[in-house]
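> just a sequence and a predicted model for now, questions to come.
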Amino acid sequence: MSGARVPALLGAVLCVAALTFPAAGGSSAGQASAERVAIFYYPWYSTPARDGGWAHWYVERDGAPVLSTAYLPSRGLYSSSNAKIVGAQMREIAAAGVDTVVVSWWGYGSPENERLPLVVQAAQRAGLSVSIHVEPYRGRTPARAAEDIARLHQEGGFTDFYVYDADRDPATEWAQALEPLAGIRIFGHTTLAGRARASGFDGLYTYDVVTWTSSFFRRLCTQAHAAGLLCIPSVGPGYDARLTTGLQSIRPRNNGATYDRMWKTAVQARADLVAVTSYNEWQEGTQIEPARAQVGRPSYEGAWGRVGVAAQRAYLTATATWAARLDAAAPRQ
């Protein structure tokens, strides 16, 4: 499997499962990627008015729907099929200094796959590249994932793939499945550099901002680089999924201090790329998308001393600041 990326067939009209894709973006073969900051993005939100029902905004408790996010988006409870919303989100992400949107993908036939062309088109207009977050969809095996990755690359021009929960399958199976693939980069969600290398991945990423804290980044990147892998630590503002899962593990935001700490150590760890968890995973409370203040609910008020509209956008502002620091620490090639 080649670590170099091929051109993304700029300007071509491509089709995946009868869906039209614009170019996904990418670097020329043999060139180092100029991308330094990626962000995980979820196109899975639905509303009754636009999509015929709710998806990912509510959970059922005792037979009744309960809002599954403690925070409220400044945009309200939106649909990810709304082109105006997606376009505004991509412009917002680009303005925050992010280079790449890593789109959650749950297999062919999923709502996320159906909405992928919309995201790609909006991202392209905003000057962003698009990578695929290969989630643990039903029936996913290393062989099945490799087939889907090859198809997405061939038909959609995608060149970077993040494989979530890679450790659940044997490294030997990943290595065998990924070996024939060329012209793409595949990053495994694991903290075991030796396992990532044995699996045939080009790099590793952490995603989880609860278990894998910033104190771990330097050691992780040292081990990854020693194994010849790219190191992509994930930074996030906090975590709270109690309304969704009932799990009591949380990471407080501490008015922005948690985000700053993770970013600082990622830069110091000589990360090849930093991935933000997340732009809009509202159910897990890792989002940096603007949130509005409402009585009885948490908000970003007070983050970095900001209030009002400035507070709603505080994490985007901080992302832009840290992206600039990352550039200064390791200039783009």
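Noted; the coordinates are in hand.

> sketch out the low-pLDDT regions of the chain for me.
Applying pLDDT under 70 to the chain picks out residues 1-33, 331-333.

> now do 50
For the chain, applying pLDDT under 50 flags the ranges 1-18, 26-32, 332-333.

> show me where it has its helices.
Secondary structure of the chain (DSSP state H): helices located at 48-51, 83-95, 111-125, 142-156, 171-178, 193-199, 217-226, 242-245, 257-268, 308-312, 314-329.

> list the contacts of the fifth one.
Which is helix 171-178. 1, 141-143, 145-146, 166, 186, 188, 195, 198-201 (Cβ atoms under 8 Å, 6 or more residues apart in numbering). From N, CA and C alone the C-beta is placed, and that goes for glycine too.

> next, give me the two most distant ones among the residues you listed.
Ala143 and Arg195 (18.3 Å; Cβ to Cβ).

> more crowded one of the two?
Higher neighbour count among Ala143 and Arg195: Arg195, with 18 against 14, using other Cβ atoms under 10 Å.

> can you pull the contacts of that one?
Residues in contact with Arg195 (Cβ under 8 Å, 6+ apart) are Asp167, Ala171, Gly188.

> what does the residue lying closest to the first one once chain neighbours are set aside show for phi and psi?
Read it as Asp167. Excluding the flanking residues, the one nearest Asp167 by Cβ to Cβ, 6 or more residues apart in numbering is Thr190, at 5.1 Å. In terms of degrees, to the nearest 10, the main-chain angles of Thr190 are phi -160, psi 160.

> can you tell me how far Thr190 is from Met90?
Distance check for Thr190 against Met90: by Cβ to Cβ, to the nearest Å, it reads 29 Å.

> those two - which one has more neighbours?
A count of neighbours by other Cβ under 10 Å puts Met90 above the other of Thr190 and Met90, at 25 against 21.

> contacting residues for the more buried one?
Contact analysis of Met90 by Cβ under 8 Å, 6+ apart lists Val101, Val119, Ala122, Ala123, Arg125, Ala126, Leu128.

> select only the buried ones of these in ChimeraX?
A single ChimeraX command selects the buried members of the contacts of Met90 (16 or more other Cβ atoms under 10 Å):
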select :101,119,122,123,126,128
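
> any idea how far stretch 96-111 is from the chain center?
Stretch 96-111 sits 7 Å away from the centroid of its parent chain (Cα atoms, centre = their mean, to the nearest Å).
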